[in-house]
Each structure stands twice: as C-alpha cells, then as structure tokens.
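Novice: Predicted model and sequence below, questions to follow.
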Amino acid sequence: MKLAVLGGGGVRVPLFVRGVLSRSPVFDEIVLLEPDARRRETIGRLAAELAGPLGQPGVVRVTPDEAEAFTDADFVFSAIRVGGDEGRVIDEDVALRRGLVGQETTGPGGCAMALRTIPVVLSYCELLAKHAPRAVLINFTNPAGLITQALSQHATVRAVGVCDTPSGAVDRLAQFLGADRAQVSYSYSGLNHLGWISSFTVGGEERIGTLLARYSELQRFDHRFAPFDPAMVRMLGAIPTEYLYYFYEPQRYVDAVARAGASRGVSVRRLNAELMAGLAKAFEAGDVHDAWSAYTTLMGVRRDSYMRADTDGERMPEPPGRPRAGRVTPADASGYERIALQVIGGLTGRQAGRVIINTRNGGTLGFLDPDDVIEAPAHIDGGGIAPLAAGELPGSVQGLITRVKEYERQVVTAAVTGDASLAALALALHPLVPGVTVAKEMMSEYRERHGPHLAYLR
C-alpha cells in the first residue's frame with residue numbers, strides 16, 4: 001500500500017513516520033509532499049532517512065510534486081499549516097490584543113486558520129480525486145473537526161478526521177485507575193476539541209463517579225485535567241477534554257498568557273526556527289543519528305511546555321540557560337500514528353475496531369443535523385464507518401455544542417463562497433467572541449494581515 005503525507009515537512013512528521021515504520025510494515029511506499037525546499041531538506045530528509053536504521057531503506061521519499069505523491073495512493077495523511085508559524089502568531093495576536101482567547105484551533109484564531117485552510121485542502125482534494133480517486137484522506141489538519149466538515153460537504157474524496165486528544169484522555173484515565181486498557185469501555189462525544197467523557201467502565205463496572213469524586217487527585221496525576229474547577233466538573237457529571245479550558249476559563253487564559261509574556265504561537269515559532277537550524281547543522285556535520293538527536297531534544301522542550309503558558313503563565317525557557325528536557329520518544333507520537341493505523345486497519349478489513357474519529361453524525365447526537373461532523377467513537381471495518389451511540393450529555397454541554405456547530409457550518413459556507421461578510425458574521429456566532437462589531441473588526445484585521453491567504457474573501 002501507498003501512503004501520501006500532505007504537509008510532509010511538518011515538525012511532527014518524523015515522529016509520525018518513525019511510529020508507522022516501527023509498527024508492522026503496513027506500507028511499502030510512503031511519500032511526503034512538501035512544497036518548501038528548506039523543509040524538504042531538513043524535516044523531510046530526517047523523516048525519509050529514518051527508514052534506513054529501521055530496516056526499511058527506500059520506503060520513504062520526499063517530493064514537491066503533487067502528482068508523484070498522490071498517484072495510486074491508498075491513504076493520504078493531511079497535516080498542513082497554511083501560512084506557517086507566522087500565520088498562527090497573527091491568529092492569536094488579533095484576539096489577544098482585544099483581551100480574547102487567542103488559540104490556534106478555536107475562537108477567532110481557529111476561525112482565521114480554517115478560512116485560510118479550507119480552500120487549500122479542497123484544492124488538494126481535487127488533485128487527489130484525479131490521481132487516486134479511491135484513496136481515503138485521514139485529516140489531522142487543524143481545526144480538525146471544522147476542516148473535516150468542509151471535506152464531508154464539499155469534497156468527493158472519502159475523508160475521516162482524527163485527533164489524539166480524546167483517546168489520550170481515555171488512556172490516562174485508565175492508568176489513573178490502574179485499569180487494563182482492554183477492560184475499559186467509555187462514552188465520549190462532542191466536537192473536535194469540544195468533547196466530554198460521560199461514562200467510564202472497567203470490567204463492566206461504572207467508574208465515572210469515582211473519577212469525579214477523586215478529580216483533585218486526577219488533576220495532580222495528569223496536567224491535562226488540571227485546568228478545570230473540580231466542583232464544576234462534578235456538577236457537569238462528565239469529564240471535559242483539555243481544550244474545554246478555553247471555554248470554561250477564558251479570562252484565566254488571557255491573564256496567564258500576559259504573565260508568560262508570549263502566546264504559544266510566538267514560543268513555537270521561535271522553537272521551530274531553532275529546530276530547523278539545528279537539523280541543518282546536524283546534517284551538515286553528521287548523519288541521520290545526529291539529526292534525530294537534535295530533533296528529539298527540541299521536540300522534548302515543545303512537549304514539556306505544552307499548555308503551560310496558557311494555564312500557568314509559564315515562560316518557555318530559552319537557550320543557553322534552558323533546563324534539559326526529556327527527549328521525545330516514539331511513544332510521544334503514538335496517539336497520531338496509532339489512531340491513523342487503527343483507521344487504516346479497520347477500513348482495509350485487516351483489524352476491525354473502535355476508534356474515536358470525526359465523522360458524519362447520522363443519529364448519534366440527536367440535537368445536531370445528520371450531516372454535521374461530530375467527534376465520537378465509531379466501529380470501523382471493511383464495510384465502512386459506523387458511529388456508535390453516545391451517552392447522555394448535560395443540557396449546558398448540548399447548548400455549547402449546538403452553538404459551536406452552527407458557527408462551524410457558517411464558516412464552511414463563507415470559505416466555499418468567498419463571502420467576507422458571512423465570514424465575520426460566522427465568527428460572531430462563536431461563544432468566545434463578544435458580538436458582531438468585534439467580529440467584523442477582527443475579520444478585517446485578519447484579511448489585512450494574512451494578505452494573499454485570505455484575499456479570496458470578498
């Protein structure tokens with residue numbers, strides 16, 4: 001089988017590729033599509049050359065040519081960032097300067113990112129339909145649920161959206177209870193980066209009550225549960241996944257970023273520049289092993305600082321006084337490549353299973369439209385994808401999901417029609433945006449600062 005990676009020069013791609021290659025040899029050809037020459041020569045080169053030490057030389061290659069990457073592909077992994085790191089900085093800054101949540105996947109930043117990304121992804125899908133019409137696109141491109149909604153409605157290729165946030169939360173809850181993951185069953189539903197775990201059973205015994213009662217302990221066990229007020233979580237009766245922090249604690253986020261002195265986007269831009277320079281230097285002086293060492297060190301810094309500025313106001317340490325972080329390992333990418341391979345294994349009939357994905361709602365969440373894309377567990381096998389029944393969600397949760405979904409619908413419509421006025425009104429629907437006037441101001445600034453990436457909006 002052939003796998004094409006759209007966004008083959010992304011910083012997480014070497015971890016993803018190494019994870020795929022380290023598992024059973026599913027693919028005999030992996031092609032990384034990357035238009036930027038510098039990224040091809042550093043990150044793409046590292047991902048490709050990892051195949052040698054893993055006993056699969058020549059399996060991975062890098063190209064700037066879409067036809068070469070897509071032709072006869074069985075699966076396409078999509079993880080692009082239109083506008084690069086600078087685009088993310090703009091997305092966050094426009095909101096933060098107004099005292100609003102500036103985060104790359106939700107609120108104003110997520111809207112701007114989606115508007116830049118949807119036309120580009122849809123154009124790639126046209127090429128994919130031409131060169132590999134039977135391929136399945138596995139979308140990790142953020143905001144993953146919103147992009148998958150656009151693909152579901154406006155692309156002819158088969159697409160499924162995936163994110164490792166919910167599965168990571170389930171895994172950590174099992175570890176907290178000391179439970180065998182194979183004995184765990186759960187109910188999870190919502191939208192991407194807007195989901196809740198409403199049931200958690202171990203060996204058939206419901207343990208959600210235990211998790212809620214011990215939530216303060218759970219917060220000390222894993223940072224992803226720390227941002228939430230335990231009393232509020234108990235009132236909900238469901239455990240929110242980490243990105244709900246931006247909805248439940250928007251002022252705390254804004255204050256924390258002010259203390260940190262920089263948004264996550266600014267810190268990641270700096271770290272990525274250091275990573276690119278470090279990889280170029282490592283390849284100039286050594287080989288793939290030296291490059292992998294430089295890569296894992298800097299990616300360890302990125303992992304260890306994840307959400308720390310947003311929740312605790314921590315500054316990302318800078319060289320030369322930066323404390324040594326633990327290096328990343330293949331386990332750090334296990335969420336991404338594991339979920340992708342589970343989807344692939346199911347759809348090819350090799351290994352049917354249950355996977356949390358972004359897919360068409362059908363009747364899973366009765367308060368949404370059947371064609372809406374939701375995030376929920378689904379059974380995947382050679383016959384396709386079947387979303388599973390969701391547990392009951394609190395009324396406040398349903399209301400939040402409904403409002404965000406309407407925002408997503410309108411953003412997709414604005415992107416495919418190029419309607420700038422509708423884009424602003426869609427942004428105004430988001431719960432983190434205080435009204436139409438502010439939304440119009442921000443959309444005008446986004447269009448100006450993003451230049452050609454949003455020039456299609458008229």
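Specialist: Structure received.
Novice: Show the low-confidence segments of the stretch 251-400 of the chain, by residue range.
Specialist: Counting by pLDDT under 70, the stretch 251-400 of the chain shows low-confidence ranges at 318-335.
Novice: mind listing the helices for it?
Specialist: 264-285, 288-304, 308-312, 334-347, 395-417 (DSSP state H, counting those that start in this stretch).
Novice: Which neighbouring elements make contact with the longest one?
Specialist: Right, helix 395-417. Other elements packing on helix 395-417 under the criterion 3 or more Cβ pairs under 8 Å, 6 or more residues apart in numbering; DSSP states H and E are helix 107-131, helix 144-154, strand 184-191, strand 194-202, helix 420-428. (C-beta placed from N, C-alpha, C; glycine too.)
Novice: switch to 10 Å and redo it
Specialist: helix 107-131, helix 144-154, strand 184-191, strand 194-202, helix 230-236, helix 245-248, strand 373-381, helix 420-428 (3 or more Cβ pairs under 10 Å, 6 or more residues apart in numbering; DSSP states H and E).
Novice: residues of the second one that come out buried?
Specialist: Buried residues in helix 144-154, counting neighbours by 16 or more other Cβ atoms under 10 Å, are found at 144, 145, 146, 147, 148, 149, 150, 151, 152, 153.
Novice: and the residue nearest to residue 6 when sequence neighbours are not counted, what is it in contact with?
Specialist: Residue nearest to residue 6 in three dimensions, not counting chain neighbours: residue 78, with 4.4 Å by Cβ to Cβ, 6 or more residues apart in numbering. Residues in contact with residue 78 (Cβ atoms under 10 Å, 6 or more residues apart in numbering) are 4-7, 33, 117, 121, 124-125, 128, 137-141, 144, 147-148, 151, 159, 161-162.
Novice: Now do stretch 450-458: distance to the chain's middle.
Specialist: 24 Å (Cα atoms, centre = their mean, to the nearest Å).
Novice: just stretch 378-389 next, same as before
Specialist: Counting by Cα atoms, centre = their mean, stretch 378-389 comes out at 21 Å from the chain centroid.
Novice: got the CA coordinates for it in PDB?
Specialist: Output of stretch 378-389 as PDB, limited to C-alpha atoms (Å, rounded to 0.1, in the frame of the first residue of the first chain):
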ATOM      1  CA  ALA A 378     -17.100   4.600  15.700                       C
ATOM      2  CA  HIS A 379     -16.800   1.000  14.700                       C
ATOM      3  CA  ILE A 380     -14.600   0.800  11.600                       C
ATOM      4  CA  ASP A 381     -14.300  -2.300   9.400                       C
ATOM      5  CA  GLY A 382     -14.100  -3.200   5.700                       C
ATOM      6  CA  GLY A 383     -17.700  -2.100   5.300                       C
ATOM      7  CA  GLY A 384     -17.000   1.400   6.500                       C
ATOM      8  CA  ILE A 385     -17.500   3.700   9.500                       C
ATOM      9  CA  ALA A 386     -20.400   3.400  11.900                       C
ATOM     10  CA  PRO A 387     -20.600   6.000  14.700                       C
ATOM     11  CA  LEU A 388     -21.600   4.400  18.000                       C
ATOM     12  CA  ALA A 389     -24.400   5.500  20.300                       C
END
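Novice: who wins for proximity to residue 256 among the helices of the stretch 251-400 of the chain?
Specialist: Closest approach to residue 256 among those is made by helix 308-312 (5.8 Å; Cβ to Cβ).
Novice: Show me which residues of that closest one are buried.
Specialist: 308, 309, 310, 311.
Novice: so what's the nearest residue to residue 179 once chain neighbours are set aside up against?
Specialist: Of all residues not flanking residue 179 in the chain, residue 202 sits nearest, at 4.4 Å (Cβ to Cβ, 6+ apart). Residue 202 sits next to 173, 174, 177, 178, 179, 180, 181, 183, 184, 185, 186, 210 when contact means Cβ under 10 Å, 6+ apart.
Novice: Can you pull out the low-pLDDT segments for the stretch 1-150 of the chain?
Specialist: 24.
Novice: List the contacts of residue 49.
Specialist: Counted by Cβ under 10 Å, 6+ apart, residue 49 has contacts 14, 57, 60, 62, 283, 287, 288, 289, 291, 292.
Novice: Any of those buried? List them.
Specialist: Buried members of the contacts of residue 49, scored by 16+ other Cβ under 10 Å, are 14, 60, 62, 283, 288, 291, 292.
Novice: Looking at these, which is nearest residue 88?
Specialist: Set against residue 88, the nearest of the buried ones among the contacts of residue 49 by Cβ to Cβ is residue 14 (20.0 Å).
Novice: That closest one belongs to a helix?
Specialist: Yes: Residue 14 forms part of a helix when assessed by DSSP: H, G, I helix; E, B strand; the rest coil.
Novice: nearest spatial neighbour of it, skipping sequence neighbours?
Specialist: Distances taken as Cβ to Cβ, 6+ apart put residue 47 closest to residue 14, at 4.4 Å, once the chain neighbours are dropped.
Novice: hang on, the one you found is in a strand, isn't it?
Specialist: No: assessed with three-state DSSP, residue 47 is helix; it does not lie in a strand.
Novice: Give me the buried positions along stretch 1-20.
Specialist: Residues of stretch 1-20 classed as buried: 2-20 (neighbour count, 16+ other Cβ under 10 Å).
Novice: ditto for stretch 292-306
Specialist: Buried-residue list, stretch 292-306, by 16+ other Cβ under 10 Å: 292, 294, 295, 296, 297, 298, 299, 300, 301, 302, 305.
Novice: Does the second one touch residue 284 like I think?
Specialist: This points to residue 294. No: here residue 294 does not reach residue 284: they are 11.3 Å apart, not a contact under Cβ atoms under 10 Å.
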